[in-house]
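A.B. asks: Here is my input; please provide its structure:
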Amino acid sequence: MLVNNAVHAVTSKECHQQFTAAKKAGTVKEKTFREFKAANCKDERSVKDEMHQQDAKKSDTSQNNASSKSPAKQDATASSIAAGDAVFPNAVDSKYSNEKEGTARMHTCLDQYKANKADNKNGNLKWIQKGGGYYSDCMKHFKSGSAQ
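C.D. replies: Below is the predicted model of the structure:
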């Protein structure tokens, strides 16, 4: 298991040894082993959780930086509005007029996503991803009134 230097796992046995040594040294005071363990000993699960949280923060920061670097552009050939590098549809496609409003928007966004994929115009967004993917941004685009 690869472990970040700042965060490392401690087994229960090692933690108890640390507790016993701290108790003999008089640094534990009135703490129980359970309190000591919660404050000083990390198990593998909590280490993995911390590493995932750190990775998520890094990827969110890099996504925010990537999306803020590119200004919004108008793409007349696709008759869509681009936010960042992603191109979104301007209106719900008429072939979905017999569907519910939300479903029609979703299918229109999916059609545009597939068309963008061929031209690499999805702004590095996946259809659905943590923190908001193409689908989420497209729905926000429709609901904000930008698409008419």
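A.B. asks: Output the contacting helices and strands for the helix or strand where Arg34 lies.
C.D. replies: Taking DSSP states H and E as the definition, Arg34 sits inside helix 33-40. Here helix 33-40 touches helix 12-25, going by 3 or more CB pairs under 8 Å, 6 or more residues apart in numbering; DSSP states H and E. The way it works is simple: take the backbone N, C-alpha and C, and place the C-beta from them, glycine included.
A.B. asks: Now the helix it packs on: buried residues?
C.D. replies: Residues of helix 12-25 classed as buried: Cys15, Gln18, Phe19 (neighbour count, 16 or more other CB atoms under 10 Å).
A.B. asks: and the gap between Thr103 and Gly131?
C.D. replies: 24 Å (CB to CB, to the nearest Å).
A.B. asks: Name the residues that touch stretch 15-33?
C.D. replies: Val10, Phe36, Lys37, Ala39, Asn40, Cys41 (CB atoms under 8 Å, 6 or more residues apart in numbering).
A.B. asks: Now for Asp111: which residues touch it?
C.D. replies: Here Asp111 is in contact with Pro89, Asp93 (CB under 8 Å, 6+ apart).
A.B. asks: Report the separation between it and Glu14.
C.D. replies: Counting by CB to CB - Asp111 and Glu14 are separated by 57 Å.
A.B. asks: and what of Tyr96?
C.D. replies: Taking CB to CB, one finds Tyr96 at 60 Å from Glu14.
A.B. asks: Also Ala21?
C.D. replies: Distance from Ala21 to Glu14, by CB to CB: 11 Å.
A.B. asks: Buried among the contacts of stretch 15-33? Make that a ChimeraX selection.
C.D. replies: Selecting just the buried residues from the contacts of stretch 15-33 in ChimeraX takes one command, with 16+ other CB under 10 Å as the test:
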select :10,36,37,41
